[in-house]
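> okay, predicted coordinates and the sequence, questions at the end:
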Amino acid sequence: MMNTLIAAAIQMVSGPEVKANLATAARLIGEAAQRGAQLVVLPEYFAIMGKQDSDKLAVREPFGDGPIQSFLAQAAIEHNIWLVGGTVPLVCDDVSRVNNSCLVYSPAGECVARYDKMHLFGFDNGTERFCEADTIAAGHQPVAFDTPFGRIGLSVCYDLRFPEFFRAMLPLDFIILPAAFTQTTGEAHWEVLLRARAIENQCYVIASGQGGEHITGRHTFGHSMLIDPWGKVLACQAKGEGVVLAELKSSQMDRVRRILPALTHRLL
């Protein structure tokens, strides 16, 4: 990991219109870059939060082509940043579903990593019901990759609840987690799970969320945050769109691993 990385998590309150969402993302990416961000992370579903879950099927793109992917590549080039495109609905083998894919672009505009969300959210408390498997085809393997500033493990939203998923990618310097956590589950579990993943894997966590009341009536929890390897929240935004930015230092990660070498004590 390089000595210092300035990273930004972008929080949005996306709606059903892709063009409007991309305009908002462009503005917030520009703000993050102007503030010095070298790595910028967009939230899950940044390009579309439809009136119905099936709305994303109408804007799905083949991998490597389409307006959402072109937007991400051009934004990375324009601002000379590493850009994580939260999730993009991509064509899959099942015509009734999409892959919910996290795409990473280098400053040259090249897509250097793709992760298809593996764990699909299912929830029904009698008042709210969600079943991502109805419209999303699950991915099959975790994805981690190397960058000039360290090794990144990709994850999306519900993956957060499965610690073995992250263990399978070790060693990591950063965990990136775009999300659209519900208000109900976010209030109960969001921060404690994010901090746990940072602490147990002794790495930085960059969590970028949807955060507010969407025009469709859905409520997402927000609280986009950056967390250090000791579990300290470095920066957080509770609600509304914005840029959450922090300086991530390799010296802090090295110190945590030196004074508490838990990763070297693993038995399983």
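Done, it's in. Please read these numbers as outputs of a predicted model, since none were measured by experiment. Numbering: from 1, shown residues only.
> hmm, which helix or strand of the chain has the shakiest average pLDDT?
Counting by mean pLDDT, DSSP states H and E, the chain has its least confident helix or strand at strand 129-131, which shows a mean of 91.
> what is it packed up against?
Taking 3 or more C-beta pairs under 8 Å, 6 or more residues apart in numbering; DSSP states H and E as contact, the helices and strands that strand 129-131 lies on are strand 122-124. The C-beta positions use only the backbone N, C-alpha and C, and glycine is treated the same way.
> which strands or helices does the strand it packs on pack on?
In terms of contacts (3+ C-beta pairs under 8 Å, 6+ apart), strand 122-124 is packed against strand 129-131.
> the strands in the stretch 151-268 of the chain, which residues?
Listed in chain order, the strands found in the stretch 151-268 of the chain under DSSP state E, counting those that start in this stretch are 174-179, 204-209, 211-213, 219-221, 224-227, 233-237, 242-249.
> Ala75 is nearest to which of those strands?
Among these, strand 242-249 comes nearest to Ala75, with 13.8 Å by C-beta to C-beta.
> follow-up on the earlier one: list the buried residues of the least confident helix or strand of the chain.
In terms of neighbour count (16 or more other C-beta atoms under 10 Å), strand 129-131 has its buried residues at Phe130.
> helix or strand right after that strand?
Beyond strand 129-131 on the C-terminal side, the first helix or strand identified by DSSP states H and E is strand 144-147.
> and that following strand, what's buried?
Of the residues in strand 144-147, those buried by neighbour count under the rule 16+ other C-beta under 10 Å are 144, 147.
> and the strands of the stretch 151-268 of the chain, which is most packed in?
Between the strands of the stretch 151-268 of the chain, the one whose residues have the most neighbours on average, counting mean count of other C-beta atoms under 10 Å, is strand 204-209 (a mean of 29).
> so what's Ile113 bridging to?
Slight slip there: residue 113 is Ala, not Ile. Val104 (DSSP bridges).
> check contacts around Arg35.
The neighbours of Arg35, taking C-beta atoms under 8 Å, 6 or more residues apart in numbering as the test, are 6, 8, 243, 245.
> export the helix or strand hosting Thr24 to CSV, keeping only CA atoms.
Secondary structure assigned from DSSP H and E places Thr24 in helix 18-34. Below are the C-alpha coordinates for helix 18-34, written out as CSV (Å, rounded to 0.1, in the frame of the first residue of the first chain):
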residue,chain,number,x,y,z
VAL,A,18,-30.7,7.0,-15.6
LYS,A,19,-29.8,10.3,-17.2
ALA,A,20,-30.6,12.3,-14.1
ASN,A,21,-28.7,9.9,-11.9
LEU,A,22,-25.6,10.1,-14.1
ALA,A,23,-25.7,13.9,-14.0
THR,A,24,-25.7,13.7,-10.2
ALA,A,25,-22.9,11.2,-10.1
ALA,A,26,-20.9,13.3,-12.5
ARG,A,27,-21.2,16.4,-10.2
LEU,A,28,-20.3,14.4,-7.1
ILE,A,29,-17.4,12.7,-8.8
GLY,A,30,-16.1,16.1,-9.9
GLU,A,31,-16.4,17.4,-6.3
ALA,A,32,-14.5,14.4,-4.9
ALA,A,33,-11.7,14.8,-7.5
GLN,A,34,-11.5,18.6,-6.8
